[in-house]
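Undergrad: fold the following, please.
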Amino acid sequence: INTLTLFGIVWAIGIVVDDAIVVIENVDRIMEEEKLPVREATIKAMSEVSGPVVAIVLVLCAVFIPVAFIGGFTGIMYKQFAITIACSVVVSGLVALTLTPAMCAILLSSKHENKEKGFFAAFDNLFEKITHTYTDKVAFLVKRTFTSVILVLIIWLAIVLMLKVIPTSLLPDEDQGYIMASVVADAATPVSKTNEIVEKVGKIVMSIKGVEEEISFSGYDIISGALQSNAGGFFIKLKPWEERKTEMLSAQGIIYQIAAISAKEIPEAIVMPFNPPAIVGMSTTGGLEGYIQLKGEGTLKDLALKTNEVTKELSQRPEVSGVRTIFNISYPKYKINVDLENAYAKGVDPDNIYNAMAATFGMTYVNDFSKSNRSFKVLIQAEGNYRAKPEQLSEVFLRSSSGDMIPVSNLASFEPTTGPDMLEHFNSFPAAKILANPANGYSTGQAIAAVEEVCAKVLDTNYGLAWTGSAYQQTLSSSGASSSLILGIIFVFLILAAQYEKWSLPLAVLTALPFAIFGALLGLLVRGLPNDLYFQVALITLVGLAAKNAILIVEFASETRIKENLSYEEAAIKAAKMRFRPIVMTSLAFILGCLPLALSSGAGAASRHAIGTTVVAGMLGATIIAPFFIPFFFVLILKTTDRFKFSRKAS
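TA: Residues are numbered from 1 along each chain as shown. As a prediction, the model looks like this:
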């Protein structure tokens, strides 16, 4: 049980009652219209809706089961939902075909024997008027092909425009109740000076409302994971969510406050606060991470120049903030020159020279010792006062083969130079890591696009950009989501084609999908949410749910046309009228079940908003708009199919 499977269970609450609603509503309608006793009405109702119930179960399983086998990070996310919902749908279908009819026969009373009164009678009258209005509009659209096609094209155009306008992201930037910050001073800044800077940043952090406490450290860079005297970091615990309800007190708001105040008051250091990744291993900073790779000819100096040029250009772009690189070839260093001929002449082993300098100026492991049933390492290193300057080499002595004590300064010298403090390789190429965060009001997708655009402009063929962490996963998830959606649609089509033994009816069912997608995108646009992985998962769910609504109309229209010898138009209008109530009931059950996700607050609210808004808005589109056009597409597709068959026979 995790957050993702719990999302699936919340969806299942609304989905699993759908099949039962279809059965009960049809029993109720038959008792109302045909004045049959409960038992006979139930038997007749099941002969009508058993096919749609089986089709609904198969469609939802056809959508979710295949995506459970998709690999990579996207597949791991999909699998959580797929298994949860597929299992619940199968159980609900079995219950609707077995226990629900039995409960109808036991619990329902004949409607013509007990007339509704009061509120329920008024509600029935109101719903009857709405149904008549809906039926009239359906009849209008069915008989006016040109008008219907124009309206559908407008919806398709709106979908394309919204896909271009809505920003993309991998996962919501979740407020986890704590944030982290990296502090980097100028190269070769001593730890004592770094401590002073960290203390200043700590005062700024604690002055911000919404921060409860902080833990700081110096001498370690949390971005690169390296020991560096000029680096430090913070773990910042925020106050409970109920005390941080405004935007400025959210984790993201506090991050922007820390960055803005630090840039103004502490210009000698780069302070980079960030949200830690919600998923372990996705990213070091929770933002964007990438590498500028040296793939062709060039030196480390050339790589540094190109990297600095990229970061300079990016700092001018409004889509990104906190742009920096940890690649620096200007760290002051000393090059050790050992006079090997002199060492051999004086009887000193060169290895002893290196070991002596390592033990004095660095740190050398000696052995372990045990105390109080615990094991401790013995490390030796000179006191700071005795290893602060290169001249102190004269105070370190080595014993020669003749027994004389010779100062190391007679055998080795230090030459001042500069170079990289740390050299990374990525995909076997020398590489410089660049870091950035999406600026306030921009998504990670927009930030990634900005970085790629700048790199394409600045870098030549000797260099390349490679993403890592969450940015890399986001570039993969876009193609994975598209393939998952297409795969779901194909499986739905094949399952329905096998059940109906026709190609035309599945096409009519699938025409409901654009209206659900339109509603989902409109919901994101209104709430200002990005197109992320949760949206893509919810979109796959909407494929099954939108198809479910269409199945109720299309299958009934197909059967009614044959049984009562009706025209395509008459059958479609009658099916729309008969199935309007179960469509509204099942959709409302799902929408109301998911509404708490869209309106939630507190820990994890960003993820719930993303997934809840998509399914609620998408189902509103599939419920309010799609039922008007499904009968039209049923008539259009089946008439076109008949003309095609007739022309083939004639030829």
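
Undergrad: which parts of the stretch 551-651 of the chain are helices?
TA: 568-599, 605-624, 626-650 (DSSP state H, counting those that start in this stretch).

Undergrad: residue 585 is in contact with residue 23, isn't it?
TA: No. Between residue 585 and residue 23 there is no contact under CB atoms under 8 Å: 11.5 Å. (Each C-beta comes from the backbone N, C-alpha and C, glycine too.)

Undergrad: would you mind saying which of the helices of the stretch 551-651 of the chain lies nearest residue 405?
TA: Residue 405 lies closest to helix 605-624 among the helices of the stretch 551-651 of the chain, at 67.4 Å (CB to CB).

Undergrad: residues of the closest one that come out buried?
TA: 605-623 (16 or more other CB atoms under 10 Å).

Undergrad: the inter-axis angle of that helix versus helix 626-650?
TA: Interaxial angle, helix 605-624 versus helix 626-650 (axes from the mean of the first three to the mean of the last three CA atoms, to 10 degrees): 60 degrees.

Undergrad: what's helix 605-624 packed up against?
TA: If you count contacts as 3 or more CB pairs under 8 Å, 6 or more residues apart in numbering; DSSP states H and E, helix 605-624 packs onto helix 3-34, helix 513-527, helix 533-563, helix 568-599.

Undergrad: pick the most deeply packed of the helices of the stretch 551-651 of the chain.
TA: Mean neighbours per residue, mean count of other CB atoms under 10 Å, is largest over the helices of the stretch 551-651 of the chain for helix 605-624, with a mean of 24.

Undergrad: pLDDT averaged over that one - what is it?
TA: Averaged across helix 605-624, the pLDDT comes to 89.

Undergrad: run a quick neighbour tally on the residue nearest to residue 175 when sequence neighbours are not counted.
TA: Using CB to CB, 6 or more residues apart in numbering and skipping residues adjacent in sequence, the residue nearest residue 175 is residue 251, 4.1 Å away. Neighbours of residue 251 under the rule other CB atoms under 10 Å: 24.

Undergrad: give me the pLDDT for residue 153.
TA: Predicted confidence (pLDDT) for residue 153: 93.

Undergrad: how far away is it from residue 572?
TA: Per CB to CB, to the nearest Å, residue 153 is found 21 Å from residue 572.

Undergrad: ok, now residue 610?
TA: Relative to residue 572, and taking CB to CB, residue 610 is found at 36 Å.

Undergrad: and for residue 622?
TA: For residue 622 relative to residue 572 (CB to CB), the value is 18 Å.

Undergrad: which strands and helices sit next to the longest strand seen in the chain?
TA: Scanning the chain for the longest strand, with DSSP state E as the assignment, gives strand 226-238. Secondary-structure packing of strand 226-238 (3+ CB pairs under 8 Å, 6+ apart): strand 178-185, helix 191-207, strand 211-221, helix 251-265.

Undergrad: let's go with 7 Å and repeat that
TA: With contacts taken as 3 or more CB pairs under 7 Å, 6 or more residues apart in numbering; DSSP states H and E, strand 226-238 sits against strand 178-185, helix 191-207, strand 211-221.

Undergrad: quick one, which of the ones you listed is packed in tightest?
TA: strand 178-185 (a mean of 23).

Undergrad: what helices or strands is it leaning on?
TA: Packing partners of strand 178-185 (3+ CB pairs under 7 Å, 6+ apart): helix 191-207, strand 226-238, helix 251-265, strand 269-274.

Undergrad: partner strands of the shortest one and their direction?
TA: Taking DSSP bridges as the criterion, strand 269-274 forms sheet pairs with strand 178-185 (antiparallel).

Undergrad: pLDDT on the strand it pairs with, on average?
TA: The pLDDT scores in strand 178-185 average 89.

Undergrad: so what touches that strand?
TA: For strand 178-185, contacts defined as CB atoms under 7 Å, 6 or more residues apart in numbering pick out 193-194, 197-198, 201, 221-223, 230-238, 251, 254-255, 258, 268-276.

Undergrad: now do stretch 600-618
TA: With contact meaning CB under 7 Å, 6+ apart, stretch 600-618 is reached by 3, 7, 11, 172-175, 177, 241, 516, 519-520, 522-524, 527, 529, 532, 534-535, 537-539, 541-542, 591, 594-595, 597-598.

Undergrad: as TSV, the helices and strands packed on strand 178-185 with mean pLDDT would be great.
TA: Listed next are the helices and strands packed on strand 178-185 as TSV, based on pLDDT from 0 to 100:
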stretch	mean pLDDT
helix 191-207	91
strand 226-238	89
helix 251-265	88
strand 269-274	86
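
Undergrad: out of the ones you listed, which comes closest to residue 340?
TA: Taking CB to CB, strand 226-238 is the member of the helices and strands packed on strand 178-185 nearest to residue 340, at 30.3 Å.

Undergrad: buried set for the closest one?
TA: In strand 226-238, counting by 16+ other CB under 10 Å, buried: 228, 229, 230, 231, 232, 233, 234, 236, 238.

Undergrad: over to stretch 401-420?
TA: 406, 408, 409, 410, 411, 412, 414, 420.

Undergrad: what's the answer for stretch 249-260, then?
TA: Applying 16+ other CB under 10 Å to stretch 249-260 flags 249, 250, 251, 252, 253, 254, 255, 256, 257, 258, 259 as buried.
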